[in-house]
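J.: Dropping the sequence and predicted coords here.
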Amino acid sequence: MAGRFHYEYDVFVGRDMGSNEYRITPEMVRLYEDGTEDRNPWYRGPSPFDGAVAPALLLHSEVYKNLSWYLPNIIGNLHAKQEWELFHPMMVGDVVRTRSTVVERYVKRNREYVVNEVMITDSDGRWLQRSRTHQSFLMEPPLPSPANILRPNSGQASVSGGGQEGALVVDKDREKRPERKFVVGEGSGPELPAVEKTITVEMCQAFSGPHRSYHTDREMAQAMGFPDIVVQGMMSVCFLSELMTRSFGPGWFCGGRLNVSLVNVVWPNDRLAVRGKVREEVLEGSKTRVHVDLWCEKPDGTKTIVGTASALR
């Protein structure tokens, strides 16, 4: 169209990905609980906020409601990094609005990254939380395969290029390579009480369903270049939120921050220890901000997500 700088379907910084409106319902909370095994009694009330409060990251996958911000080659795409800022809790029964925008695009090694920011507000426009999702895509698409054509607007994205049948883009041995080892939490601060999780297919289906995708179906995962179902990265992010909720309560919902990298893939039947260690504490107004190193690890020590978070106390 004349006068436009970008083509209509380009993935460009500033592209508006639209908005949605939701009423926070007990059913939404139940699905979250089934997908994460986080069954905090606050989610059904009472809570420190005078009623049932929604899990802090209840709308964890709002960024994936419209996948037209994905690059054409989705074979082997991965959720690489996640940032989150929490300003005010969402209560069960509240009406909230979301707005999604492409805010960054960059290249790192053999992958191209697109960053999508989601803002959540209440019905009056008050900021409740803001997140940034970094999704990575292979720079050079593999050879095409008709089996890899997926439908857009159903929680998946269309494919330009595909993978050779039986070829893996990411295999289960990748996490054992020396460059996939990560050191975190070496400071002398106190450890947070750990959270233990065992990932089941049923959790994947509750968290990432109801549609079939490489997060819920092994056959579709293999078509995308993976040997098995890829547990959605946001699930581990929600595990970290559970750890912070248990450790800091209201100070997580009102001022929490998160910045983590998803460094190794989680598969069904993996057992994860969700851990944190205090790095430092600094005054912030009348409160203290506690900075924490966070990570998830498998029994053999493989780290799947590493980064930092903070909350008020």
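T.: Here it is on my side, so go on. Residues are numbered from 1 along each chain as shown.
J.: hang on, Q205 is in a helix, isn't it?
T.: Yes: Q205: assigned to a helix according to DSSP: H, G, I helix; E, B strand; the rest coil.
J.: Contacts only, for the closest residue to it other than its chain neighbours.
T.: Once flanking residues are discounted, Q205 sits nearest to T216: 5.1 Å by C-beta to C-beta, 6 or more residues apart in numbering. Backbone N, C-alpha and C define where each C-beta goes, glycine included. When contacts are counted by C-beta atoms under 8 Å, 6 or more residues apart in numbering, T216 touches 201, 204-205, 208-209, 229.
J.: Same question for V306.
T.: If you count contacts by C-beta under 8 Å, 6+ apart, V306 has them with 182, 184, 260-261, 263, 294-295.
J.: 6 Å - rerun?
T.: By C-beta atoms under 6 Å, 6 or more residues apart in numbering, the contact set of V306 is 182, 184, 261, 263, 295.
J.: returning to that earlier point: can you pick out the most distant pair from the contacts of T216?
T.: The two members of the contacts of T216 with the most space between them (C-beta to C-beta) are G209 and I229, at 11.7 Å.
J.: tell me the strands in the stretch 151-300 of the chain, going along the chain?
T.: Remark: strands assigned in the stretch 151-300 of the chain by DSSP state E, counting those that start in this stretch are 195-198, 257-262, 271-284, 287-297.
J.: what's in contact with the second one?
T.: To tie it back to what came earlier, the one meant is strand 257-262. So strand 257-262 is contacted by 79-85, 233, 305-310 (C-beta under 6 Å, 6+ apart).
J.: Let me know the closest of those residues to L58.
T.: Closest to L58, out of all of the contacts of strand 257-262 and judged by C-beta to C-beta, is W84, at 12.2 Å.
J.: what about the helices in the stretch 151-300 of the chain?
T.: Remark: helices assigned in the stretch 151-300 of the chain by DSSP state H, counting those that start in this stretch are 201-208, 218-223, 233-248, 250-253.
J.: Among those helices, which comes closest to R97?
T.: Of all these, helix 250-253 sits nearest to R97, with 18.5 Å by C-beta to C-beta.
J.: which helices and strands does the closest one pack with?
T.: strand 303-312 (3 or more C-beta pairs under 6 Å, 6 or more residues apart in numbering; DSSP states H and E).
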